[in-house]
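Engineer: requesting a structural model of the entry that follows:
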Amino acid sequence: MCKVVEKVRLVNSFDPEKSIEVEAVIDTGATMIVLPKNWVETPGLKKVEDVKVKYADGSVEEKEVYGVVKVELMGRVGNFDVLAEEEGAQPPYRSDRA
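Structural biologist: Prediction:
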């Protein structure tokens, strides 16, 4: 299985002057956008809530959700909340039953 990497522009939906352009791994099976915390802080996204996430190894951690970010990718645009992870972390499985 290969990794798909594309150039993505992340724009603060409430302050469009703040943005960051990065190359990101695209996971078409993901249920939520997960980004390194420094990518979340650069466009000045605001913390929305804390959620519990469950990892593949069964561990559970509380993580911060930020929003709203406008994602521009290959001519398409969408607005999303973002789960912040440490740089290099694997995407978690979000579970409200964690």
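Engineer: how close does residue 67 sit to residue 41?
Structural biologist: 13 Å (Cβ to Cβ, to the nearest Å). Every residue, glycine included, has its C-beta placed from N, CA and C.
Engineer: who has more neighbours, these two?
Structural biologist: Comparing residue 67 with residue 41 by other Cβ atoms under 10 Å, the one with more neighbours is residue 67, at 18 against 13.
Engineer: what residues are up against the more buried one?
Structural biologist: Listed by Cβ atoms under 8 Å, 6 or more residues apart in numbering, the contact set of residue 67 reads 13, 45, 46, 48, 80, 81, 82.
Engineer: helix, strand, or coil at it?
Structural biologist: strand (DSSP: H, G, I helix; E, B strand; the rest coil).
Engineer: so what pairs up with the residue nearest the centre of the chain in the strands?
Structural biologist: A centroid search over the chain (Cα atoms, centre = their mean) returns residue 34, at 2.8 Å, as the residue closest to the centre. Per DSSP bridges, the residues bridged to residue 34 are residue 83.
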